[in-house]
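Participant: Can you look at this prediction? I've put the sequence above it.
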Amino acid sequence: MTIKRHLVNSILKMTLDTSNNIATIMNHNAELLKQLSLQARLVRSDSTNMKCCPVIGIDLGTTYSCAAVWKNNEIKIITTTGKRTIPSVVSFIPSNEEEDGQLLFDVIVGEQALKKLNARTVRRHKHLVSNTIFESKRLIGLTMDEVKDFKSRFPFEVVAGGDNHDAAVQLKTTKSQNWRVISAEEISANILSVLKRSAEEFSGHPIQGAVITVPAYFGERQRQATIDACIIAGLEVKAVLNEPTAAALAYAFTEHRSKNGQMGHSGKRQLLVFDLGGGTFDVTILQHDHGHVQVVSTGGSGGLGGSYFDRALAELLAERYMEQHPDADNPLDDPITLIQFMDAAREAKMDLSHSYTTNVFIDNDGDELETCVTRNTFQELIAPLIEECIQIVQEALSDASITFNDLDDVILIGGSTNIPIVRETVRSLFGNEKVRADINADEAVAMGAAIRAAHGALEPSEKKGTLLEHLKIVDVTPSNLGIKVKGDQMDVIVPANSPLPFVSEAIRYRTTVDDQQSTKIDILEGNNKQASKNRSLASFVVSGFPPMPKGQIKVSIVIKIDDKYGMLDVEATCIANDQPVTQDKVKITKTRGVLSQDRIQLARTQVQITEKKIELKNVLGNAFIALQDAIVKLKESIVKDVQLKKDVDKACKDGMKFIDESKAKQTDLGDLLRWIEWVRELQRRVDLML
């Protein structure tokens, strides 16, 4: 879809107008806003207090997200509305505003958005089913073909969108012509924006950037799409870190602290990180030696995790429901009842983590299901999924050329590792004494990202005496990288689990026809020998070959991968008579399926509008409280002057009326601040009388 330049400009103008309005109000009411402690919510502090690192760590999770920061040689989890993690849920509420015929949406993120998925709520407001998006991480950077097997599990509509028709979500309103397609990057950006704002409020200064984590199995396009989401949220990405590697850093920090800064155990230790979250599974084998973290092998799947356990249990509940109501349709085929059954399954799963049985009751418009589920039944349902996890673990061990017995510690992270059968299975494999569950499973990844952020942002003097002083991280490539050759084959140039940064040997290929003038280079990612079954990252043509018999011209390919973002540089050189003739270089930072700069700019301005609306809402809320407090104080004052008494009574009466009327309409901040000034002025006059 081509994005019209005037649409970008108009939304940008709206953002600037909103900012200018707030700035104007602030200029005229600066002292009052300062008294109300509101300036920190509108203009970020210029504080240079470097005890709090200006770069944060973010775990953008499938079901929950978390942010952390290095402060005073400790890792602090950043809270949002008092919670240490926030649901990765975004709800888009159609507003009454339009711009160039496109309907704008109010955006709600986290706990409040999750409440929109309550079955009772969606029955009353059916559009919330289509417009409340969860698990967008499972869509990010993927094509429609790659999501076809699981897109029907969502109650919202997954469609082709973006610049390359990748998986996106269609937001709906009562006006079909105003339906809007939104990318997974834009959805994730709204979550990141909330975490960024919370971090700035926590630290008291602007956030300069972030280290963002991704599953170890994420490919190049998924990593780039995650970076795009950060850019849309106004975050500069300092590094992309694999989630299990981040967890290993949290482990190293815990060891360092427990040994009073002596770097924990002596000698090299073999670690396995078992990361089973809400929608993904990662396993990584690492070596940890006095702050040096070396990844040896990694594996994972986007088809495992807590949401798949929920689905298995929801399918059982649906079967029992249809047994009790033979004429009923499958409740999982309807978006609203799908939410209802998934909610019931999720609650039952949590109950079964600490109870052996749980009762489930579902009322589907009068058709009821009342049933009992035992822990044994649930464990039988998810046993095949846990077996898949163990197979991936065995493959990672094989790739690392080690056995179960060679491991020193097994680190459990991800909320789904709290399920009893998961822990029991891991302990039976590795031995109870090796399994480490003393690191917070929900926060470990964000903690590790914060450590990596501080390592890159702080000065050497600030790292002295801490884990950061000796820290070194070596990660690996998640899958094979290579090029397409004759016979639909993939020739691997960079094997999976190659340490980063990586520079391949120069691999030479010969021309296959006489007088060949050029050749097309297809860069592939994947572990299948058949080229067409792997993911295409980029294509380019090397040309300018001199006329020569076939086989006389060679094309030399070199692939370089950095250790900051995991991004690729590909060099292709034409060689004739052992001399370079032409050379082409491609930097794969914008792989296929990633948003264009125009699309990113448009999405960024839309997020900025949301940010300004939230800031204004926060200011209004605090200002209303201040006005109410001022009126209460004024009412309680003893006023002897008759005229002043009349003014006070009128101000209190009209002020409360203004507050009551404002609840039913949009309030102008300037009017509200003028009311506060007027009530406080009367209070000053009363105080002078006394």
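Facilitator: Received it, and whenever you're ready, just let me know what you need. Residues are numbered from 1 along each chain as shown.

Participant: Tell me how far I483 lies from L524.
Facilitator: Distance of I483 to L524, given as C-beta to C-beta, to the nearest Å: 6 Å. (Each C-beta comes from the backbone N, C-alpha and C, glycine too.)

Participant: Which neighbours do these two have in common?
Facilitator: Common neighbours of I483 and L524 are listed as M490 (criterion: C-beta atoms under 8 Å, 6 or more residues apart in numbering).

Participant: Quickly find the element holding K520.
Facilitator: Using DSSP states H and E, the element containing K520 is strand 518-525.

Participant: hey, what's I133 bridged with?
Facilitator: I133 has these beta-bridge partners by DSSP bridges: V90.

Participant: looking at it, it is touching F92, isn't it?
Facilitator: Yes. Contact criterion C-beta atoms under 8 Å: I133 and F92 qualify, at 7.5 Å.

Participant: Overlap of the contact sets of the two?
Facilitator: Common neighbours of I133 and F92 (C-beta under 8 Å, 6+ apart) are I182.

Participant: which of the two has more neighbours?
Facilitator: Applying other C-beta atoms under 10 Å to I133 and F92 shows that F92 carries more neighbours, namely 29 against 26.

Participant: Let me see the contact set for that one.
Facilitator: Contact analysis of F92 by C-beta under 8 Å, 6+ apart lists 105-107, 131-133, 171, 182.

Participant: In CSV, list those along with secondary structure.
Facilitator: Below are the contacts of F92 laid out as CSV (DSSP: H, G, I helix; E, B strand; the rest coil):
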residue, secondary structure
F105, strand
D106, strand
V107, strand
N131, helix
T132, strand
I133, strand
L171, strand
I182, strand
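
Participant: Check which helices and strands the one helix or strand A623 maps to sits against.
Facilitator: For A623, the host element (DSSP H and E) is helix 597-635. Where contact means 3 or more C-beta pairs under 8 Å, 6 or more residues apart in numbering; DSSP states H and E, helix 597-635 is packed against helix 5-28, helix 39-42, strand 102-109, helix 184-203, helix 220-232, helix 642-662, helix 669-689.

Participant: worst average pLDDT in the ones you listed?
Facilitator: Note on the helices and strands packed on helix 597-635: helix 39-42 shows the lowest mean pLDDT, a mean of 42.

Participant: Quick one: the strands in the stretch 401-550 of the chain, in order.
Facilitator: 409-413, 435-436, 472-474, 481-485, 489-494, 502-503, 507-510, 518-525, 535-543 (DSSP state E, counting those that start in this stretch).

Participant: Looking at the ones you listed, which is nearest to G621?
Facilitator: For these, the distance to G621 is smallest for strand 409-413, at 36.3 Å, taking C-beta to C-beta.

Participant: Show me how far the helix holding A623 is from its chain's centre.
Facilitator: From the chain centre to the centre of helix 597-635 is a distance of 24 Å (C-alpha atoms, centre = their mean, to the nearest Å).

Participant: what comes up buried for that helix?
Facilitator: Going by neighbour count (16 or more other C-beta atoms under 10 Å), the buried part of helix 597-635 is 599-612, 614-616, 619-620, 623-624, 626-627, 630-631, 634.

Participant: coming back round to it: how far off strand 535-543 does the strand holding K520 point, in degrees?
Facilitator: 160 degrees (axes from the mean of the first three to the mean of the last three C-alpha atoms, to 10 degrees).

Participant: Contacts for strand 518-525, please.
Facilitator: Residues from elsewhere that reach strand 518-525, judged by C-beta under 8 Å, 6+ apart: 219-220, 479-484, 490, 509, 511, 531, 534-545, 555, 557, 559, 568, 570, 572, 586, 588.

Participant: Just the angle for that strand relative to strand 481-485, thanks.
Facilitator: Put simply, strand 518-525 runs at 140 degrees to strand 481-485, going by the same axes, to 10 degrees.

Participant: Strand 518-525 pairs with which strands?
Facilitator: If you go by DSSP bridges, strand 518-525 pairs up with strand 481-485 (antiparallel), strand 535-543 (antiparallel).

Participant: TSV please, covering those and showing distance to G291, mean neighbour count and mean pLDDT.
Facilitator: Putting these into TSV (distance: least, C-beta to C-beta, whole Å; neighbours: other C-beta atoms under 10 Å; pLDDT from 0 to 100) gives the following:
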stretch	distance to G291	mean neighbour count	mean pLDDT
strand 481-485	29	21	92
strand 535-543	34	17	85
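
Participant: and G551, which of those is closest to it?
Facilitator: Closest to G551 of the strands paired with strand 518-525 is strand 481-485 (C-beta to C-beta; 14.5 Å).

Participant: what does the closest one rub up against?
Facilitator: In contact with strand 481-485 (C-beta under 8 Å, 6+ apart) are residues 490-494, 509, 521-525, 531, 537, 557, 559, 561, 568.

Participant: Need the distance between the two termini of stretch 518-531.
Facilitator: End-to-end span of stretch 518-531 (C-alpha to C-alpha, to the nearest Å): 20 Å.

Participant: What average pLDDT does that stretch get?
Facilitator: Stretch 518-531 shows an average pLDDT of 90 in the prediction.

Participant: Could you list the buried residues of that stretch?
Facilitator: Buried, per 16+ other C-beta under 10 Å, within stretch 518-531: 519, 521-526, 531.

Participant: Same check on stretch 207-218?
Facilitator: Buried residues in stretch 207-218, counted by 16+ other C-beta under 10 Å: 207, 209-218.
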